[in-house]
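J.: When you get a sec, could you give me coordinates for this:
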Amino acid sequence: MIQQFIDQAPIFFTLNNGLYWLRALMTTLSMALIGCVVGFIFGFVLVYFRTSPIPWLLPLRALLIAYVEIFRRIPFLVLTFLILFASRGFGFQLSLFWVACVTIVLIATAYIAEIIRAGIEAVHRNQWECADVMNFSRARTMLYVIVPQSWVFIVPPAFSYFIMFIKETSLTSQIGTMELMSAGKYFNSIGISPLMAYGTCLLLYFALSYPLTRLGRRIEVRLKNRFKGNMATLRASDQ
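T.: Numbering: from 1, shown residues only. Model prediction:
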């Protein structure tokens, strides 16, 4: 095995192959980033209407709850194939990249909506009452009062979920999306040692995920410190 590695190293470690891996790396990051950012936006919209007290929005709230419960329980790979064949069946010639992005958006919206809902509910009810006394609309209350205080509860699990989805994108290789796992399969198929091909894949996933994990922890610590500072200021003002 060591001799095979030595023999294949000059063939494998070339500029063209490095650029190929870089393109696969950027595709993986782009899919996760586009899917989770759009899912984050949709998740906020979903939570806003799902938690609305307006009676005539009850059917919509029921549909949104059903959406969250269903899409949190569908396997990622199964939904990927469904999106692929449904798009072809209805005449939409989506690229494999956008099939993967749509799949991530659908699942990310459901998961992130639950994270956002939990974060908003963690803010004390008194904040809603204070905003109501000041005659804030529900939208202004959410935007200027509740959401700023809920970041400390939303960002850490949402960031962890984003990193998890970077790894989940490896499943899109099953439909032919050219990302890191597909790159590993390609090099293995042309005779490169599986240890070298998939080992490189493993190292690149780690190189992508670990710095983001560290960044997420730093953001979490900063948000917690800011939250504690705000709470201390409020207690001081009450006294």
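J.: chain center to the helix or strand hosting residue 19, what's the gap?
T.: Assignment of secondary structure by DSSP states H and E places residue 19 within helix 15-50. Here helix 15-50 shows a centroid-to-chain-centroid distance of 7 Å under the convention Cα atoms, centre = their mean, to the nearest Å.
J.: now that helix: mean pLDDT?
T.: Mean pLDDT, computed over helix 15-50, is 91.
J.: swap in stretch 73-84?
T.: 92.
J.: Name the residues of that stretch that are buried.
T.: 76, 79, 80, 83, 84 (16 or more other Cβ atoms under 10 Å). For glycine as for every other residue, the C-beta is placed from the backbone atoms N, C-alpha and C.
J.: go on, stretch 196-205?
T.: 196, 197, 198, 200, 201, 204, 205.
J.: Select from those every entry located in helices.
T.: In helices, judged by DSSP state H, the following of the buried residues of stretch 196-205 are found: 196, 197, 198, 200, 201, 204, 205.
J.: with those residues in mind, which one is nearest to residue 38?
T.: residue 205 (22.4 Å; Cβ to Cβ).
J.: Can you name the residues that contact that closest one?
T.: 28, 166, 167, 170, 180 (Cβ atoms under 8 Å, 6 or more residues apart in numbering).
J.: What of residue 26?
T.: So residue 26 contacts nothing (Cβ under 8 Å, 6+ apart).
J.: Could you do residue 130 as well?
T.: By Cβ under 8 Å, 6+ apart, the neighbours of residue 130 are residue 145.
J.: secondary structure element for it?
T.: helix 125-133.
J.: Relative to the whole chain's centre, how far out is the helix or strand following that helix?
T.: Under the assignment DSSP H and E, the closest C-terminal helix or strand after helix 125-133 is helix 138-141. Centre-to-centre, helix 138-141 and its host chain are 26 Å apart (Cα atoms, centre = their mean).
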